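1. Predicted model and sequence below, questions to follow.
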Amino acid sequence: MVYIISKREINWNGFIYEKAYEGVIPNLERRFRESESDSKKDELSQYLTEKTCSTCHGKRLNIQALCIKINNCDIMDVCDMSIDDSYQWFVNLPQVLDKKESI
């Protein structure tokens, strides 16, 4: 899948034109896929490995956002719940929060 983002540019004489920007990850994936060179594929493969972040553990939020917990859940824990589980979590929330927290 290739995503191309159109970017509006103005050149030196004031002419406005649209410039397609492929994006870094789609560019690396395309170059890897189209390359016939094993050495080039080896070079590109170092950028295409998937690693889980040791700070956020794959939740893709900064540590400050993940430090906020309600009923022992951060925002991504709630987002990962099924609809039924999250519904029950929200229904039971007023019983868990004290008066100050429920404002």
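-> Happy to help now that I have it.
2. how does this structure divide into domains?
-> As recorded under automatic domain parsing, the domains making up the chain are 1-50, 59-103.
3. Can you convert those domains into TSV and add a column each for mean pLDDT and mean neighbour count?
-> For the C-beta atoms, the positions are set from N, CA and C on the backbone; glycine is no exception. Compiled in TSV, these are given as follows (pLDDT from 0 to 100; neighbours: other Cβ atoms under 10 Å):
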stretch	mean pLDDT	mean neighbour count
domain 1-50	79	10
domain 59-103	92	11
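4. Spell out, range by range, the strands that occur in this structure.
-> Per DSSP state E, the chain carries strands over the ranges 5-10, 16-21.
5. Can you pull up the most central residue in the protein?
-> Nearest to the mean C-alpha position of the chain, counting by Cα atoms, centre = their mean, stands residue 60 at 5.6 Å.
6. do you know how far that residue is from residue 53?
-> Note on residue 60: its distance to residue 53, by Cβ to Cβ, to the nearest Å, is 8 Å.
7. The residue lying farthest from the centre of the chain and residue 26, how far apart?
-> Relative to the centre of the chain, and counting by Cα atoms, centre = their mean, the farthest-placed residue is residue 13 at 37.8 Å. From residue 13 across to residue 26, the span is 31 Å (Cβ to Cβ).
8. One more: residue 93?
-> Between residue 93 and residue 26 the distance is 40 Å, computed by Cβ to Cβ.
9. What of residue 89?
-> 37 Å.
10. for residue 85, same thing?
-> 35 Å.
11. what does the longest helix seen in the chain rub up against?
-> Assignment by DSSP state H gives helix 83-96 as the longest helix of the chain. Helix 83-96 is contacted from outside by 70, 71, 73, 78, 79, 81, 102, using Cβ atoms under 8 Å, 6 or more residues apart in numbering.
12. redo that, cut-off 6 Å
-> Judged by Cβ atoms under 6 Å, 6 or more residues apart in numbering, the contacts made with helix 83-96 from elsewhere in the structure are 71, 78.
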